[in-house]
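> Pasted the sequence and its predicted model underneath.
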Amino acid sequence: MKNSLFTVVFILFFVNLTITGANPYRTKILKPNIKTLQIRISGTDFGFPILKLNGTETLTVEFDEMSHNVRSFGYTVLHCNADWTVSNLNSNEYLDGFTRGNIDNYAFSQNTTYQYTHYRFSIPNEDMHFKISGNYVVLIYEDNRMDDPVATACFSVLEPKVTIDARIRANTDIELSGRYQQLDIEVNLANYVVQDPASEVKLVVRQNNRFDNEVNNITPTFFNSGKLSFINNKALIFEGGNEYRHFDISSFYAAGEGVDRIYFNREFYEAFLKEDLMQKSLTYISQ
C-alpha cells in the first residue's frame, strides 16, 4: 500500500477570530479570461505555498490573461482564520509596508495558438512584509476593483514554535492492511505554554493538500507532559489511494517522459500517453 502525503497544520489561538457566515477562500479563478493560476515557493515547480515567518523564501503568484491587451492588475493580501474566512485583524496588525501592489511584470505569448499575457509577482517583497503567522489570501483585481477580484490565491505563513510527529499505519478500525491508512499525530509543545488545548489550539489535516476531505476540530486523545496526542482517531482514517503517474508535456515539439506521441488537432494539441504497467504485482522499490 502506498503512503499518502499529509499536510498537518497546527494553529495556536489566543482569541476567537471566526466571522460567522463568512465564505472560506480557496485558490480559485473567478473570471473566464483568467487561466493557469499558480502560487508556489519561488524557484520551485511543486510543493505547498507555505512560508516561514521572517524567512528568506518568497511566493510567486502567476496567471495568464487571454489577450495581448495590457491590463491594470493589482493585488492585496488579507489575513484569514483557520477555516480560511477573513479574520477581524486590521492590515497594520499583520502587514508591514503597503497593503496593495501593482502587477507590472508581464510578458506576451509568442507563436502560440491562442494569444495571452502572462503576469507574475512575488510576496513578500520590498513593499510588503508579513508581521504574524497564519493563513492568508491574495486578492487579484483589475482597475482597482477590489470588491470584484479576478482570482484568489491562498497560502500560509508558518512560525515554528512546536514540533509535530506523524505516523501512518495500515492497520485501522475499518480493515487490516487494506485500502485505508490510520494517521497518528503527536504535537510536542516543548516550552510553549497552553492552558486549555481544546480552545487554544487547532489541528488541521489535509491529504495531498486536498480541501474536500480536510479534517479539523479534532479532539486530542490525551494531553500529557507537554504533548498533545491524536491516536487511533477514526476521523484520521483516510483512503490510501495511489501515487500519481508521471508524464512530461512541457514541450509540444518532442514527446517527453511517458508520452507516446503529440498531434496538433486544429486548435489544440493532443498528447497520447504510453500505456503503463500494472503496479499491483510490482514491489514498491522497483516502481
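Great, that's in hand. Residues are numbered from 1 along each chain as shown.

> Give the partner strands of the helix or strand that Phe264 is a member of in its sheet and their orientations.
According to DSSP states H and E, Phe264 maps onto strand 259-265. Here strand 259-265 is paired, per DSSP bridges, with strand 268-273 (antiparallel).

> neighbouring contacts of the strand holding Phe264?
Under the criterion CB atoms under 8 Å, 6 or more residues apart in numbering, residues Phe247, Asp248, Ile249, Phe252, Tyr253, Ala255, Tyr269, Glu270, Ala271, Phe272, Leu273, Lys274 lie in contact with strand 259-265. Bear in mind the C-beta positions are built from the backbone N, C-alpha and C, glycine included.

> In it, which residues are buried?
Val259, Ile262 (16 or more other CB atoms under 10 Å).

> And it, how far out from the chain middle?
Chain-centre distance of strand 259-265: 31 Å, with CA atoms, centre = their mean, to the nearest Å.

> Tell me which stretches of this structure form helices.
Here the chain has its helices, by DSSP state H, at 91-94, 197-200.

> what's the least confident stretch among those?
Of all those, mean pLDDT reaches its minimum on helix 197-200 (a mean of 77).

> Only alpha carbons, please: show it as CSV.
Extracted as CSV, the C-alpha positions of helix 197-200 are listed here (Å, rounded to 0.1, in the frame of the first residue of the first chain):
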residue,chain,number,x,y,z
PRO,A,197,-5.7,22.9,24.5
ALA,A,198,-9.3,22.5,23.5
SER,A,199,-9.8,26.2,22.9
GLU,A,200,-6.2,27.5,22.2
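
> just how off-centre is it within its chain?
The answer for helix 197-200 is 25 Å, by CA atoms, centre = their mean.

> Which of the contacts of strand 259-265 has the largest number of neighbours?
Ala255 (18 neighbours; other CB atoms under 10 Å).

> Quick check: it vs Phe272, distance?
As judged by CB to CB, to the nearest Å, Ala255 and Phe272 stand 9 Å apart.

> before we move on, what about Ala107?
Distance of Ala107 to Phe272, computed by CB to CB: 30 Å.

> repeat for Tyr106
Going from Tyr106 to Phe272 by CB to CB gives 33 Å.

> And for Leu176?
Distance from Leu176 to Phe272, by CB to CB: 40 Å.

> tell me the domain ranges of the protein?
16-158, 163-239, 247-287 (automatic domain parsing).

> tell me how far the ends of the second one are from each other?
Using CA to CA, to the nearest Å, the end-to-end distance of domain 163-239 comes out at 26 Å.

> Give me the distance between that domain and the centre of its chain.
That offset, for domain 163-239, works out to 19 Å (CA atoms, centre = their mean).

> ditto for the last one
For domain 247-287, the distance between its averaged C-alpha position and the chain's averaged C-alpha position is 26 Å (CA atoms, centre = their mean).
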